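Asks: Need coordinates for the following:
(chains A and B)
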Amino acid sequence: GQQVMQIPQYQHVQEGEDFTTYCNSSTTLSNIQWYKQRPGGHPVFLIQLVKSGEVKKQKRLTFQFGEAKKNSSLHITATQTTDVGTYFCAGPSFGNEKLTFGTGTRLTIIP
Amino acid sequence: DAGVTQSPTHLIKTRGQQVTLRCSPISGHKSVSWYQQVLGQGPQFIFQYYEKEERGRGNFPDRFSARQFPNYSSELNVNALLLGDSALYLCASSLQGLLAGGPYNEQFFGPGTRLTVL
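Replies: The predicted model follows:
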């Protein structure tokens, strides 16, 4: 079945440093979504990418969808303590209405 | 507008018992999906319902079943509970199904039901 892996599994950064998480799917995705889950909370939608090679920015966050639509990345510039949480990518394979979440990257910030 | 609501918040059951979890989507949302999230892992897709029809099913045994009602609320049933069913069960609603690819695929998650099986 479809597998979605993320690296790294954990990332500890000093406040103000940049952070990147990478997402790789074993199958081609029709679109990809990114979610953030704070400790003890539920996933919150951040963004959706649909087109091959698409890049979207939200303030300090930059999202990219790979040309082959099998990988994606999230880059945060100048991290803040509010960025703490686990970041998940998620995507359905073509012809499949099953949304597969990645393994997640847990970000902790050292003040 | 109220967000996605789930009940109960917490639940403790013993092995072999049955459980029913409930979800009310955001008003106007016709799609409801269920996920199981084990501590330290990402949500695992269980079911998606759209317009009261099952549109997707994850790799879960037949002990798991769900349905969607005319008002778009949904129930998840789990029979013959096992210790391994202990998890956070999340419900998410969206305007459309997952394949639409448009701006309405955003999944709005509820706070979840924490199920503990002893």
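Asks: So in the chain, where's the weakest helix or strand by average pLDDT?
Replies: By default, I'm working from chain A. Taking mean pLDDT, DSSP states H and E as the measure, chain A has strand A:99-101 as its least confident helix or strand, at a mean of 90.
Asks: The intended chain is chain B.
Replies: Scanning chain B with mean pLDDT, DSSP H and E, the lowest is strand B:53-57, at a mean of 88.
Asks: Residue B:35 - nearest residue in space that isn't next to it in sequence?
Replies: Distances taken as Cβ to Cβ, 6 or more residues apart in numbering or on different chains place residue B:43 nearest to residue B:35, at 3.7 Å, with adjacent residues excluded. Any C-beta I mention is one placed from the backbone N, CA and C, and that applies to glycine too.
Asks: so where's the chain shaky on pLDDT?
Replies: You didn't say which chain, so I picked chain A. A:94-96 (pLDDT under 70).
Asks: um, chain B though
Replies: Using pLDDT under 70, the flagged stretches of chain B are B:1, B:97-104.
Asks: mind running it again at 80?
Replies: B:1, B:96-105 (pLDDT under 80).
Asks: Which residues does the most centrally placed residue in it form beta bridges with?
Replies: The residue lying closest to the centre of chain B (Cα atoms, centre = their mean) is residue B:34, at 2.4 Å. Going by DSSP bridges, residue B:34 is paired in beta bridges with residue B:47, residue B:91.
Asks: My guess is it contacts residue B:76. True?
Replies: Yes: using Cβ atoms under 8 Å, residue B:34 is in contact with residue B:76, at 4.9 Å.
Asks: just to revisit the earlier point, tell me the contacts of the residue nearest to the centre of chain B?
Replies: The contact partners of residue B:34, by Cβ atoms under 8 Å, 6 or more residues apart in numbering or on different chains, come to B:23, B:45, B:46, B:47, B:48, B:66, B:74, B:76, B:89, B:90, B:91, B:92.
Asks: Can you verify my assumption that the fourth one contacts residue B:58?
Replies: Yes: Residue B:47 sits in contact with residue B:58 when judged by Cβ under 8 Å, with a separation of 7.0 Å.
Asks: between those two, which one's more packed in?
Replies: residue B:47 (24 against 18; other Cβ atoms under 10 Å in any protein chain shown).
Asks: Contacts only, for the more buried one.
Replies: B:33, B:34, B:54, B:56, B:57, B:58, B:64, B:66, B:76.
Asks: Please apply the same query to residue A:41.
Replies: Counted by Cβ under 8 Å, 6+ apart, residue A:41 has contacts A:85, B:111.
Asks: May I have the secondary structure class of it?
Replies: Put simply, residue A:41 is coil when judged by DSSP: H, G, I helix; E, B strand; the rest coil.
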